[in-house]
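[1] This is a predicted model, with the sequence first.
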Amino acid sequence: LNSTCYYDASQAGDYVVHVYQESVLIEGKESASRAAIGGSPFPVKVLPGRLDPYTTRGKGQGLTKAPSGQTTSFVVYGRDKFNNWSPGGEVIVLIEPHNRLPVDLQVVDKGNGEYHVSYTAPPESGQVKLSVAVQGGAHIYNSPFTVFVSPGNAVPEQCEVAGRGVVRGGVDMDCTFRIHARDAAG
């Protein structure tokens, strides 16, 4: 007599599975005691499932703000559908508009469900959308993220000065002027 047994695990980890036969025939008579199947107990390692977009989260400055043209970062906390940490998955990062890869994008799987992501922000200041997805292209929770790209530090060669105060001045005269500070992107 062959039987098929199964179990449904939702928590990753190391387990021991005991398999018993409930009734045993001894000399043609059925016994009420149970006996372990040969080789039982069996050691079983339950692995986490694939990254799940609904339970995977992102956190860090690079999801909300970034200085233009500079490196910023964030962490993706990868989990499967049962909320187990899920290493070994694929994390996809794109900047919208144009669905392009961020410059110098690096995604490092730390092997514990954390994915450290770094990228160089676009040189133009303003708002961009940062999409973070898992294998199959499904966005993680709250993606796409709105990232405010702030202007970089002023570059003297890019700055402009305008106004009467830089042309001439005098006693009891309004000697004002404006400085239009610009970063490397202008």
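    Ah, there it is.
[2] Please work out the average pLDDT along the longest strand along the chain.
    In the chain, with assignment by DSSP state E, the single longest strand is strand 126-134. Here strand 126-134 scores 94 as its mean pLDDT.
[3] begin at 59 from here
    OK, 59 is where the count begins now, so the last one is strand 184-192.
[4] Return the helix or strand following that strand as PDB; C-alpha atoms alone will do.
    Remark: after strand 184-192, the chain's next helix or strand is strand 203-208, criterion DSSP states H and E. What follows is strand 203-208, C-alpha atoms only, in PDB (Å, rounded to 0.1, in the frame of the first residue of the first chain):
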ATOM      1  CA  PHE A 203       8.200  56.800  -5.400                       C
ATOM      2  CA  THR A 204       8.300  60.600  -6.000                       C
ATOM      3  CA  VAL A 205      11.900  61.800  -5.600                       C
ATOM      4  CA  PHE A 206      12.700  65.500  -5.400                       C
ATOM      5  CA  VAL A 207      16.000  66.100  -7.000                       C
ATOM      6  CA  SER A 208      17.500  69.200  -5.400                       C
END
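[5] what's the spacing between the helix or strand following strand 203-208 and its chain's center?
    Using DSSP H and E, the helix or strand that follows strand 203-208 in sequence is strand 218-220. Centroid displacement of strand 218-220 relative to its chain, using Cα atoms, centre = their mean, to the nearest Å, is 43 Å.
[6] show me what contacts the residue sitting nearest the centre point of the chain?
    Residue closest to the average C-alpha location in the chain (Cα atoms, centre = their mean): residue 134, at 2.4 Å. Taking Cβ atoms under 8 Å, 6 or more residues apart in numbering, we find residue 134 in contact with 114, 115, 116, 149, 165, 172, 173, 175, 190, 198. For the C-beta atoms, the positions are set from N, CA and C on the backbone; glycine is no exception.
[7] Show me which of those are buried.
    Buried subset of these (neighbour count, 16 or more other Cβ atoms under 10 Å): 114, 116, 149, 173, 175, 190, 198.
[8] Just the closest of those residues to residue 243, please.
    residue 175 (22.9 Å; Cβ to Cβ).
[9] any low-confidence regions in the chain?
    For the chain, the stretches flagged by pLDDT under 70 are 59, 81-90, 156, 244.
[10] ok, 90 please
    59-67, 76-96, 126-127, 154-161, 180-183, 193-194, 209-244 (pLDDT under 90).
[11] How much space separates the residue nearest to the residue nearest to the centre of the chain when sequence neighbours are not counted from residue 94?
    What sits nearest to residue 134 in space, not counting adjacent residues and going by Cβ to Cβ, 6 or more residues apart in numbering, is residue 173, at 4.1 Å. Counting by Cβ to Cβ, to the nearest Å, the separation of residue 173 from residue 94 is 43 Å.
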